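Student: return atomic coordinates for the entry below.
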Amino acid sequence: MAKKSVLFALMILLLVNLIVMGQPVMAAEKMPYVDVPITYTGSPIPCRYGIYLSPGHHMYSEGWHTFTTLVDQRTKGKIKVKEFVGGVLFKANAGFKAVRGNICDVSPAYPNYSPTGFSLVMGAGLPFMWENAYVAARALEELYPKYFKKDYEALGCKLLLMSSTSNYHLFTNKPVTKLEQLKGMKVRSGGGMLNKLLEGYGMVPVVVPSPEIYTAMQRGMVDACIFSWASAQSYKLYEVCKYVTEIGPGLAAFAPTSGIVNPGWLKKLPPDLKKLVYGAARETGINISASYEDHTPGARKAFEEHGVKIIKLPPDEVKRWKAAAQPVVDQWVKDMEGKGLPAKQLIKEMEALNDKYKNFTKQQMLDLQRTNPVPMDKLW
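Tutor: Numbering: from 1, shown residues only. This next block holds a predicted model:
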């Protein structure tokens, strides 16, 4: 009995020491696309990475560029990623064409910028859908095999990652406090679902790629733009607008801001490197999305410091905006269901996944992407 007591005491002491020293008591969870032994011994495999963003944009420096960093680190230089940034290869709306045309191997590619051929994925941008950007990224990856894969692969590409902007607000040169004040206002839009939503509010959407928003506002081509806080700061919109109307949790998100990869390039990869590329992409999607959320407080402060007045809609007015957006949702569902596509079920699953993940922190979401990502064979 004494021996058992001594053994028990030693075990307790060991446990306490481990906790105090900050060491893990349990074995770490396996990361199926990170903990991959490299067996490939051939020459480094090149990867051409086309990115329309400038190096100073948060979406690049804290998001898309992390793919390059992770691939280089985890493949130990066996894949050499060469970035072409700032739109030197193609503009923001040409990602699908660039990958399909073998101009690059990997690229951002947004359905909203080139909607031909897409159907259900446009529902990712439905109004008042997502708690935050990284929740949207994870949810859309889970939904991809069932709802979106056919459209992407019909365009000759594979999905690299899903990501999203944070929720959008209204940047204007005149105060907007009521829904009725939107009627007739020319507003910059990224296209797709946003166009339909803005039209539903009585606005006139003008599709302008994000790098051209400053000029469009400055020259009066648009009266307002619908944009995230973080990107608005990146493009210095505090110099060309006077007001920002915050619409509750956010009017909508520009989603998905997906990334794609050339299937021919994937075929060149040995199994070990392919898994590592897949794992790097899973984390990159969260990093892109989180860059929006991380920069929101600082961006908001920057606008205030430049004298821009921020108008926060009261809850009752937000309810009016939500109610005015519902016919747009209903019409989209009707159109999709009329084509034999399960739009109602998609919305139901998006809402369920948003509820499932809405309380996750960024770190918890990154950990989930490492330990329990959507399996590679579901996406590739």
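
Student: what's the average pLDDT for the longest helix along the chain?
Tutor: The longest helix of the chain (DSSP state H) is helix 271-305. For helix 271-305, the mean pLDDT works out to 97.

Student: now do stretch 139-147
Tutor: Mean predicted lDDT for stretch 139-147 stands at 98.

Student: end-to-end on it?
Tutor: 12 Å (C-alpha to C-alpha, to the nearest Å).

Student: stretch 204-222 too?
Tutor: 9 Å.

Student: which parts of that stretch are buried?
Tutor: Residues of stretch 204-222 classed as buried: 204-206, 208-211, 213-214, 216-217, 222 (neighbour count, 16 or more other C-beta atoms under 10 Å). Using the backbone N, CA and C atoms, a C-beta is placed for each residue, glycine as well.

Student: the residues you listed: which two are farthest apart?
Tutor: Within the buried residues of stretch 204-222, two members stand farthest from each other by C-beta to C-beta: V204 and P211, at 21.5 Å.

Student: quick check: closest non-adjacent residue to Y134.
Tutor: Sequence neighbours aside, S289 is the residue nearest to Y134 in space, at 4.2 Å (criterion: C-beta to C-beta, 6 or more residues apart in numbering).

Student: again, but for E283
Tutor: Closest to E283 by C-beta to C-beta, 6+ apart is Q369, at 5.4 Å.

Student: give me the secondary structure label for the one you found.
Tutor: Classification of Q369 by DSSP: H, G, I helix; E, B strand; the rest coil places it in helix.

Student: with V333 instead?
Tutor: helix.

Student: how far away is it from A154?
Tutor: As judged by C-beta to C-beta, to the nearest Å, V333 and A154 stand 22 Å apart.

Student: the two - which one has more neighbours?
Tutor: V333 (18 against 10; other C-beta atoms under 10 Å).

Student: surely the more buried one touches Q345?
Tutor: No: shown here, V333 and Q345 do not form a contact pair, counting by C-beta atoms under 8 Å, at 10.1 Å.

Student: rewinding a little: residues in contact with the residue nearest to E283?
Tutor: Neighbouring residues of Q369 by C-beta atoms under 8 Å, 6 or more residues apart in numbering: 138, 282-283, 285-286.

Student: pLDDT value on the residue lying closest to V204 once chain neighbours are set aside, please?
Tutor: What sits nearest to V204 in space, not counting adjacent residues and going by C-beta to C-beta, 6+ apart, is K186, at 4.8 Å. Reported pLDDT at K186 in the predicted model: 96.

Student: rewinding a little: give me the buried subset of the contacts of Q369.
Tutor: Buried among those (16+ other C-beta under 10 Å): 138, 282-283, 285-286.

Student: ok so, going back, list the buried ones in the longest helix of the chain?
Tutor: Buried-residue list, helix 271-305, by 16+ other C-beta under 10 Å: 273-296, 299-300, 302-303.

Student: how far does stretch 66-81 sit from its chain's centre?
Tutor: 21 Å (C-alpha atoms, centre = their mean, to the nearest Å).

Student: what mean pLDDT does it have?
Tutor: On average, stretch 66-81 scores 98.

Student: give the buried residues for it.
Tutor: 66-68, 70-72, 74-75, 78-79, 81.

Student: helices of the stretch 51-200 of the chain, start to end?
Tutor: Secondary structure of the stretch 51-200 of the chain (DSSP state H, counting those that start in this stretch): helices at 58-59, 65-74, 95-100, 133-143, 149-154, 193-200.

Student: pick the most deeply packed of these.
Tutor: Of all the helices of the stretch 51-200 of the chain, helix 133-143 carries the top mean neighbour count, a mean of 26, counting by mean count of other C-beta atoms under 10 Å.

Student: tilt between that one and helix 271-305?
Tutor: Per axes from the mean of the first three to the mean of the last three C-alpha atoms, to 10 degrees, the angle that helix 133-143 makes with helix 271-305 is 150 degrees.

Student: ok, residues contacting helix 133-143?
Tutor: With contact meaning C-beta under 8 Å, 6+ apart, helix 133-143 is reached by 124, 129-130, 148, 161-167, 253, 255-256, 258, 282, 285-286, 288-290, 292-293, 346, 349-350, 353-354, 357-358, 360, 362, 365, 368-369, 373-374, 379.

Student: what subset of these is buried?
Tutor: Buried among the contacts of helix 133-143 (16+ other C-beta under 10 Å): 124, 129-130, 148, 161-167, 253, 255-256, 258, 282, 285-286, 288-290, 292-293, 346, 349-350, 353-354, 357, 360, 362, 365, 368-369, 373-374, 379.

Student: any low-confidence regions in this structure?
Tutor: 1-29 (pLDDT under 70).

Student: which stretches of it form strands?
Tutor: 45-50, 79-84, 106-108, 158-161, 169-172, 186-189, 204-207, 224-227, 243-246, 259-261, 309-312 (DSSP state E).

Student: quick one: strands adjacent to the second one?
Tutor: By that I understand strand 79-84. strand 45-50 (parallel) (DSSP bridges).

Student: over to the last one?
Tutor: Partner strands for strand 309-312, per DSSP bridges, with pairing direction: strand 243-246 (parallel).

Student: in the strand it pairs with, what counts as buried?
Tutor: Neighbour count says strand 243-246 has 243-246 buried, by 16+ other C-beta under 10 Å.

Student: farthest pair within the residues you listed?
Tutor: Y243 and E246 (10.4 Å).
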